[in-house]
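based on what follows, work out the 3D shape:
(chains A and B)
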Number of protein chains: 2
Amino acid sequence: MSFQQAPHKLLVIPGPIEFDNSVLLANATPGTSHVSPAFIPVFGDCLRLLKKVLYGEKPGNQSFLIAGSGTLGWDATAANLVEPGEDVLVLNHGYFGDSFADCLETYGAKVTQLKAPIGGVVSESDLVQALKSKKFKLVTITHVDTSTGVLAPAGRYAELVKQNSPDTLIALDAVCSVASEEIRFDDWGLDVVISATQKGLGVPPGLSVVLASERAIKTLEARKAPVGSYYISWKRWLPIMRAYEEGRPAYFATPPVQLIYSFREGLKAIVEGNQSLEDRFAAHKAASNKIKDGLAALGVGFVPLGREISANGMTAAKYPEGVSAADVLPKLAELDIVVAGGLHKEIATTYFRIGHMGVTAVNTERGDLDKVLDGVKTVLDAARAKK
Amino acid sequence: MSFQQAPHKLLVIPGPIEFDNSVLLANATPGTSHVSPAFIPVFGDCLRLLKKVLYGEKPGNQSFLIAGSGTLGWDATAANLVEPGEDVLVLNHGYFGDSFADCLETYGAKVTQLKAPIGGVVSESDLVQALKSKKFKLVTITHVDTSTGVLAPAGRYAELVKQNSPDTLIALDAVCSVASEEIRFDDWGLDVVISATQKGLGVPPGLSVVLASERAIKTLEARKAPVGSYYISWKRWLPIMRAYEEGRPAYFATPPVQLIYSFREGLKAIVEGNQSLEDRFAAHKAASNKIKDGLAALGVGFVPLGREISANGMTAAKYPEGVSAADVLPKLAELDIVVAGGLHKEIATTYFRIGHMGVTAVNTERGDLDKVLDGVKTVLDAARAKK
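So this is what the prediction gives:
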C-alpha cells in the first residue's frame, strides 16, 4: 500500500522522534490476534532483532517486550533482580538517575548514589572506591541522561565493575541511547539493557524494551523473596517470550500487536537496511558533530562539559546570553520545528534540547539537520535583533 | 486523508477486535511530542470521554491512561488501594478472577475468594454472607470473565456491598465489558473500573484504561504504607492526568502518543457518534442474541449457564458432540474468520470463543455476524459429514 504520513512539524526532541512511513503504516495493521500464526513470527523477529542491535546474541540472553513505557524497564530491573535490603549503586548523571534510584528504593533496595556534577560523568576513581567499599548486588548506569545530553562511558564503567566486583550485576538505562550509541551487550558483560521504542529505535512510544543476560535470569531464578510486582514479573513473562521466540503462542497479558508490527519495521531498517550498525553509529556521530559545531558557531554553549561525554543522539544547548526559552521554543515551533525545553530541575530554564536520532540522523537526504540549524539561526538572530 | 486498512481475516475473538479505518489511521499519526500543544487536548479529550462512556462524570473521579495492558489495571488497584495485610474479597468467575487474586496477593493483600461454578456467577447470598463475616477493604468483580463469557450482575453486587459493607471499595474488572455492557460508575457507586483499549472500545491494544472514584483517590492519599510499585503508582500519575485534563503538559513517563490519538477516535465514535450509549448497548445485546440463537440452531451449547448471565460482547460456545477444536478453529481461519479457542483450564478443549464487540456488533452493514454464523455452519457441516 502506498502510504504517506500526514504533513506535520519536524519533531526533533530527544524522543519521540520522526518515523518512517513504513513504521507508521505498520502501526495501522488491521486487527490481528495476539496468538495468531500471522503475529507469532513478527513478535519472534522483534525479540531476535533486538539482540542484534545490542550485540547481545549470546545464548541465554532474553529479550522482553512488554506494553509500557521505558520507565517500566526500571521496575523490571528493580522488582526482578534486587531483593529488599540489597545494596545497589546508582551512577547518576541527572534527572533520570534520580528517578531510577527512586524506583529501586520503591522495591526495597538500599541505594548508594554517585552523583556526577551537572554536565559531567561519575569519575572512574569514585566508582572504584565505591565498589571496594561495599558489596553491591547491582550497579545501574544511565547511558545518556536525556536531561543533560551527557553520554556516560558505559563500556569503561562495566570494565571497572568486572575488575573490582565481578559478581555485581550491571544494568544500563539505555532508553535514550539504543541504536544511536554503540552498546556491546556481550562484550561489555552487561546484565540488563533498558530501552523504549520511541527514541533511537524510531518507533512510536508504548513498548518497554529490555534485554537481560543469562546471569540476570539465573539471579531471578535464585531469588528468595517473591517478586514484589505482578505485571512486570519476569517469572510470568519468561515463558511467554521464550514461546514467541520458538514460534509458539502464549498468553499472560495482551501485547500491543500493532506496535510490535511497527517495531519490526523499525528494527529491520536498523539491522537489515543498507547500512551496517557501525555505519549507523557513525552517522549519529556525524549528525551530532554537525549540530554541535553549527550551534557553537551561533554562539551556543552546551550542558555536557566536553564533546567526548556528549550524546550523539541529542544535544543539550544553553541559551546564549540575553536569549530565553520564549525566544527559542515557540519561535522554532512557528517555523514547524519542535525542540524540547530543559528538564534538569536545577538548570531547566537555561537550556533546550534537540534530538538527532533515527531517520533525522541517518537519512540525511531529508535535510532535517540543516532545517534545525537554519531555524535556530533565524530565532537567535531575531532575539538578538530585539535587544 | 483517504486510508483503507489492508485486507485481512475477520477478527472475531474476544479482543483485540476489528477497527475502524479512522482509528487505525490515527494510530499512524506522525511523530508528535507528548508535551506539545497539539497533543495535550487529545489526551485531555480521552480522559474526559472515558468518563462519559462509564457514566462516571461526578467531580472527583479520575481517569488514568497509562501505557500497558489491561492487566496493569489490576496492579494499579492492588498497589494503590490495598495495604499489605488488608482483606480483599474476590468474586471469581474464571481464569481472570484467579489471576486478579494472584495479583492482589503479590501486593500483600489477604484474599478471600468466592468462586462461581464454571459458567455460573457468585450467588447473592454467598456475597452477603462473606461481607458479614469480615471487614473487607476492597471487593473485586470480574464483569465479563473472558474465559467463560459469563456476565456478572455487577450493579446488583455493588448494591449489596453498599447495603452490607458501605466502607468497602468496589473494583470492577471491566476489560471485556466497557462499551459493550452497561456500566453506571456513579449510580452503582463503583470505585475503580479497569479496562483496556482493544475490546469494546475498539482501539489497538497497549493502553491501561482506569477510572477511579474520589473515594479511591482519598484512600490512596490516606494510606500509611508507601505504594509498593513505581511505574503504576497513582501518586506519580495523578498530577500528570490532572494536568492534561486541565490543558497543561506534564511528564512522568512517555505516553503512547499514537495510541492516544487512536483512542480519541474510538471514544468519539462511541460518545459522539449517531447512536447513544443506550443504543450501543442494545446493539451489542441484539448481536449477542443473533449469534447465540444462530449457534443454538446449529446444535451448539454454551459455557454460561443461562442467557441472563451471558456476555453481550462475546460468546463461549461448546463444541457439539463429536466435533473438536481442530474441526473448527483452523477451518474457520481458512474461511478468513479468526475466533479464539478455550481459555479456562478445566474445560479449554471443549469450547471456543467468538467476539462480537465494537464495529462487528454496531456497524451491522459490515455483515460480520452473518459471516461468522455462515462460517460456523460450514465447518460444523463439514465436521459432521466426516463422521
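
so what's whichever residue of the stretch 101-250 of chain A sits closest to chain B scoring on pLDDT?
Nearest to chain B, among the residues of the stretch 101-250 of chain A, is residue A:206, at 3.2 Å (C-beta to the nearest C-beta). Yep, even glycine has a C-beta here, placed from its N, CA and C like the rest. For residue A:206, the pLDDT comes out at 98.

count of neighbours near it?
Other residues near residue A:206 come to 30 when the count uses other C-beta atoms under 10 Å in any protein chain shown.

my guess is residue A:138 meets residue A:88, correct?
Yes - contact status for residue A:138 versus residue A:88: in contact at 4.7 Å, counting by C-beta atoms under 8 Å.

shared neighbours of these two, anything?
Shared between the contact lists of residue A:138 and residue A:88 (criterion: C-beta atoms under 8 Å, 6 or more residues apart in numbering or on different chains) are residues A:82, A:109.

what's the burial count for whatever residue of the stretch 251-387 of chain A ends up closest to chain B?
Here the stretch 251-387 of chain A gets closest to chain B at one residue, residue A:256, 3.2 Å apart by C-beta to the nearest C-beta. For residue A:256, the neighbour count with other C-beta under 10 Å is 31.

next, the contact list for the closest residue in space to it that isn't next to it in sequence, please.
Leaving aside its sequence neighbours, residue A:256 sits nearest to residue B:206 (C-beta to C-beta, 6 or more residues apart in numbering or on different chains; 3.2 Å). Taking C-beta under 8 Å, 6+ apart as the criterion, residue B:206 is in contact with A:67, A:206-207, A:256, A:258-259, B:67-69, B:197-198, B:256, B:259.

just curious, which of these is nearest to residue B:2?
Proximity of these to residue B:2 (C-beta to C-beta) peaks at residue A:258, which lies at 19.9 Å.

what about the closest one, how many neighbours?
30.

looks like it contacts residue B:27 (just checking).
Yes - counting by C-beta under 8 Å, residue B:27 is a contact partner of residue A:258 at 5.9 Å.

residues from the stretch 101-250 of chain A in reach of chain B?
A:102-103, A:106-107, A:196, A:198, A:204-207, A:226-233 (C-beta under 8 Å from any C-beta of the partner chain).

keep only those of those that are in helices.
If you go by DSSP state H, those have A:102-103, A:106 in helices.

and those residues, which are buried?
With burial judged by 16 or more other C-beta atoms under 10 Å in any protein chain shown, the buried subset of these is A:103, A:106.

then stretch A:175-194 to PDB, C-alphas only?
The C-alpha trace of stretch A:175-194 is given here as PDB (Å, rounded to 0.1, in the frame of the first residue of the first chain):
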ATOM      1  CA  VAL A 175      16.300   4.500  26.800                       C
ATOM      2  CA  CYS A 176      18.000   7.400  25.000                       C
ATOM      3  CA  SER A 177      20.900   5.500  23.600                       C
ATOM      4  CA  VAL A 178      19.900   2.200  22.000                       C
ATOM      5  CA  ALA A 179      20.500   2.400  18.200                       C
ATOM      6  CA  SER A 180      22.100   5.800  18.300                       C
ATOM      7  CA  GLU A 181      25.100   4.900  20.600                       C
ATOM      8  CA  GLU A 182      27.200   1.800  20.400                       C
ATOM      9  CA  ILE A 183      26.300  -0.800  23.100                       C
ATOM     10  CA  ARG A 184      28.100  -4.100  23.200                       C
ATOM     11  CA  PHE A 185      26.000  -6.200  25.500                       C
ATOM     12  CA  ASP A 186      28.000  -9.400  25.400                       C
ATOM     13  CA  ASP A 187      31.500  -7.800  25.200                       C
ATOM     14  CA  TRP A 188      30.800  -5.400  28.000                       C
ATOM     15  CA  GLY A 189      29.200  -8.100  30.100                       C
ATOM     16  CA  LEU A 190      26.000  -6.200  30.700                       C
ATOM     17  CA  ASP A 191      23.200  -7.900  32.500                       C
ATOM     18  CA  VAL A 192      20.300  -5.600  31.600                       C
ATOM     19  CA  VAL A 193      19.700  -3.000  28.900                       C
ATOM     20  CA  ILE A 194      16.600  -1.000  29.400                       C
END
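
flag every buried residue along it.
By neighbour count on 16+ other C-beta under 10 Å, the buried set for stretch A:175-194 is A:175-183, A:185, A:188-194.

secondary structure element holding residue A:72?
Using DSSP states H and E, residue A:72 falls within helix A:71-81.

what's that helix packed up against?
The contact analysis (3 or more C-beta pairs under 8 Å, 6 or more residues apart in numbering or on different chains; DSSP states H and E) places helix A:71-81 against strand A:62-67, helix A:95-106, strand A:138-142, strand A:169-173, strand A:192-196, strand A:207-212, helix A:214-222, helix A:234-245.

now the one residue sitting closest to the centre of chain A, nearest residue through space, not along the chain?
By C-alpha atoms, centre = their mean, chain A has its centre lying nearest to residue A:175, at 1.6 Å. Leaving aside its chain neighbours, residue A:175 sits nearest to residue A:70 (3.9 Å; criterion: C-beta to C-beta, 6+ apart).

go ahead and confirm the one you found touches residue A:208.
Yes - applying C-beta under 8 Å, one finds residue A:70 in contact with residue A:208, separated by 6.5 Å.

now do the shared contacts for these two.
Residues touching both residue A:70 and residue A:208 (C-beta under 8 Å, 6+ apart) are A:194, A:196.

where are the low-confidence patches of chain A?
Across chain A, the ranges flagged by pLDDT under 70 are A:1.

next one: residue A:39 from residue A:324, what distance?
According to C-beta to C-beta, to the nearest Å, residue A:39 and residue A:324 sit 49 Å apart.

between these two, which is the more surrounded one?
Higher neighbour count among residue A:39 and residue A:324: residue A:39, with 19 against 11, using other C-beta under 10 Å.

excluding covalently adjacent residues, which one is nearest to the more buried one?
residue A:32 (5.3 Å).

with residue A:323 instead?
Leaving aside its sequence neighbours, residue A:323 sits nearest to residue A:383 (C-beta to C-beta, 6+ apart; 4.7 Å).

phi and psi next, for that neighbour.
The phi/psi pair for residue A:383 (degrees, to the nearest 10) reads phi -60, psi -40.

count the residues that sit near the closest residue to residue A:225 other than its chain neighbours.
Distance criterion C-beta to C-beta, 6+ apart; nearest residue to residue A:225, sequence neighbours excluded, is residue A:83 at 4.6 Å. Using other C-beta under 10 Å, residue A:83 is surrounded by 17 other residues.

surely residue A:83 meets residue A:138?
No - the pair residue A:83 / residue A:138 is not scored as a contact, 10.5 Å apart, by C-beta under 8 Å.

for the closest residue to residue A:48 other than its chain neighbours, give me its contacts.
Counting by C-beta to C-beta, 6+ apart, residue A:48 lies nearest to residue A:245, which is 6.8 Å off, once chain neighbours are set aside. Applying C-beta under 8 Å, 6+ apart, we find residue A:245 in contact with A:44, A:47-48, A:63.

check residue A:314 too.
Listed by C-beta under 8 Å, 6+ apart, the contact set of residue A:314 reads A:14, A:144, A:146, A:149, A:176, A:353-357.

rewinding a little: in helices only, show me the buried residues of stretch A:175-194.
Residues of the buried residues of stretch A:175-194 located in helices (DSSP H): A:185, A:188.

now the helix of greatest length in chain A - C-alpha only, CSV.
If you go by DSSP H, chain A has its longest helix at helix A:277-297. Output of helix A:277-297 as CSV, limited to C-alpha atoms (Å, rounded to 0.1, in the frame of the first residue of the first chain):
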residue,chain,number,x,y,z
LEU,A,277,25.2,-0.9,12.7
GLU,A,278,28.7,0.7,12.7
ASP,A,279,27.6,2.9,9.8
ARG,A,280,24.6,3.9,11.9
PHE,A,281,26.6,4.9,14.9
ALA,A,282,29.0,6.8,12.7
ALA,A,283,26.0,8.6,11.1
HIS,A,284,24.8,9.6,14.5
LYS,A,285,28.2,10.9,15.5
ALA,A,286,28.4,12.9,12.2
ALA,A,287,24.9,14.3,12.8
SER,A,288,25.8,15.2,16.4
ASN,A,289,29.0,17.0,15.3
LYS,A,290,27.2,18.9,12.6
ILE,A,291,24.6,20.1,15.1
LYS,A,292,27.0,20.9,17.8
ASP,A,293,29.5,22.6,15.5
GLY,A,294,26.7,24.6,13.9
LEU,A,295,25.3,25.7,17.3
ALA,A,296,28.7,26.6,18.6
ALA,A,297,29.2,28.8,15.5
